[in-house]
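Asker: Sequence and predicted structure are below.
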Amino acid sequence: MTATPPFALFVLASQSIRTLNTVLQEAHDDPSVDTWWWYLATLDYRAAPQRKPDGTGQIGTPTPVDPSFSFPFVEKGLEDVAKWLRGKPRNVDLDNRYFGVLDKEAGKSGKVAICRLNDPKEKEPAWCILRDADESTLFLAGLPSDLDWNELVEIGRYTLEL
């Protein structure tokens, strides 16, 4: 299963709008990606990118982020994120398995925790690795379908700081 954009980006710890704009812009500016692949997740599925009948691609959240953006996932955990992703309607055009997280550490260091949703039978809802914002979407774009995520996580597993 390859990753398909856009990807949900969950803000689990307070961030400034400036930080969000920086992370989104850096992820966008990679010349090999050059699109808005991160969608700032809200509780409202209707606000998320919707599948288009003609099959054309969707985009995530462009900058600048509206200063009134609320942070519905702050102080929530990966269990809440997993529930949101598993509960999204079929018409919501976001990757079903891979997503991003900004926690305390990632946001202030210009990084994104890239996570993979685990099977519901797993003890943990997701496993994450940390990448610079400017290489986060390129990393997702290059995920091979035969990637052994477990092996990758063993090398550089990231534990969220909420």
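Answerer: That came in fine, so what should we check first? What you see is a predicted model, and the numbers here were worked out from it, not measured in a lab.
Asker: isn't there a helix covering residue 138?
Answerer: Yes - using DSSP: H, G, I helix; E, B strand; the rest coil, the assignment for residue 138 is a helix.
Asker: Pretty sure it sits against residue 31.
Answerer: No - between residue 138 and residue 31 there is no contact under Cβ atoms under 8 Å: 9.5 Å. All C-beta spots, glycine's among them, are computed from the backbone N, C-alpha and C.
Asker: Between those two, which is the more surrounded one?
Answerer: Ranked by neighbour count (other Cβ atoms under 10 Å), residue 138 and residue 31 place residue 138 first, with 16 against 6.
Asker: Contact partners for the residue nearest to the more buried one when sequence neighbours are not counted?
Answerer: Nearest non-adjacent residue to residue 138, counting by Cβ to Cβ, 6 or more residues apart in numbering: residue 30, 5.1 Å away. Contact analysis of residue 30 by Cβ atoms under 8 Å, 6 or more residues apart in numbering lists 134-135, 137-138.
Asker: Can you select the buried ones among those residues for me in PyMOL?
Answerer: Buried subset of those, written as a PyMOL selection, criterion 16 or more other Cβ atoms under 10 Å:
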select buried, resi 134+135+137+138
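Asker: can I get the contacts of residue 30 in JSON lines with distance to residue 75 and pLDDT?
Answerer: Output for those, formatted as JSON lines (distance: Cβ to Cβ, whole Å; pLDDT from 0 to 100):
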{"residue": "134", "distance to residue 75": "27", "pLDDT": "88"}
{"residue": "135", "distance to residue 75": "28", "pLDDT": "86"}
{"residue": "137", "distance to residue 75": "26", "pLDDT": "85"}
{"residue": "138", "distance to residue 75": "30", "pLDDT": "81"}
